[in-house]
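Engineer: Sharing a model prediction with you, sequence too.
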Amino acid sequence: MAEWRLAVSMAGRCWAAAGLAVLALGTAGCAPLVIGGAAAGGAAVAYTEERGISGFASDAEIQAKINNLWFQHSMDMHSRLDMTVDQGRVLLTGKAKDAQMRLDAVRLAWQADGVKEVINEIQIDNESGILDSARDTWISTQLRGRLTFDKSIHSQNFSIDTVNGVVYLMGVAKSQEELDRAINHARSVANVQRVVNYVRVIG
């Protein structure tokens, strides 16, 4: 019985230490560590069990940085949007007030060090129109296919957002050559008006 109580006590101290470490990360970023409340708390336990505290700490740092970038850019953005970070892959969700807010949210997410991929599932409250939205979706789908089948491009490192025929490329490129190939693919898709590049070259 004494041994069992000692084991429980030691386990409790370990979880308490982990909690303090995560809390420190959140306060260091001058912004809340999580937006999602109770659901995010459950994810934190899963992260710790599956990857260990070091893996969780890395994702927690990324989340804190993006939270801070969003908060500094717009309190409205910070309150409307949410995210999940898993091994450097960032899933963005929530409802933006317009297309510009969605673009800015993705652009800012890519600015955080350690981000490997941004998955944009942010919805817009007021879509411009069914036909325009369908055309933009078709452009993004065509471009995603071209990037995916180009073996010289790491397609998972690029985010694509199309608004009124304007393609916004965001993410990271291993070289200028890779970035140029991605831009050329975007320009070659039918109905593309222009290409706006927010990709960082890290090679």
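Structural biologist: Thanks, I have the structure now.
Engineer: Return the helix or strand in this structure with minimum mean pLDDT.
Structural biologist: helix 2-28 (a mean of 39; mean pLDDT, DSSP states H and E).
Engineer: buried sites along stretch 156-172?
Structural biologist: 157-163, 166-172 (16 or more other C-beta atoms under 10 Å). The C-beta positions use only the backbone N, C-alpha and C, and glycine is treated the same way.
Engineer: thought Gly203 was touching Leu179?
Structural biologist: No - assessed by C-beta atoms under 8 Å, Gly203 is found out of contact with Leu179, at 9.3 Å.
Engineer: Mutual contacts of the two, please.
Structural biologist: Shared contacts of Gly203 and Leu179, defined by C-beta atoms under 8 Å, 6 or more residues apart in numbering, comprise Ala173.
Engineer: who's more crowded, the two?
Structural biologist: Each of Gly203 and Leu179 has its neighbours counted (other C-beta atoms under 10 Å); Leu179 has more, 21 against 10.
Engineer: and that one, what element?
Structural biologist: Element membership of Leu179, judged by DSSP states H and E, is helix 176-188.
Engineer: Distance check, Gln142 against Val196.
Structural biologist: 17 Å (C-beta to C-beta, to the nearest Å).
Engineer: Could you do Gly203 as well?
Structural biologist: 21 Å.
Engineer: ok, now Asp98?
Structural biologist: On the measure of C-beta to C-beta, Asp98 and Val196 end up 16 Å apart.
Engineer: just to revisit the earlier point, residues of the helix holding Leu179 that come out buried?
Structural biologist: 178-179, 181-183, 185-186.
Engineer: shouldn't His73 be in contact with Arg107?
Structural biologist: No - assessed by C-beta under 8 Å, His73 is found out of contact with Arg107, at 9.5 Å.
Engineer: These two: which is more packed in?
Structural biologist: Of the pair His73 and Arg107, Arg107 is the one with more neighbours under other C-beta under 10 Å, namely 19 against 15.
Engineer: Do I have it right that the more buried one meets Asp161?
Structural biologist: No - counting by C-beta under 8 Å, Arg107 stays clear of Asp161, with 9.2 Å between them.
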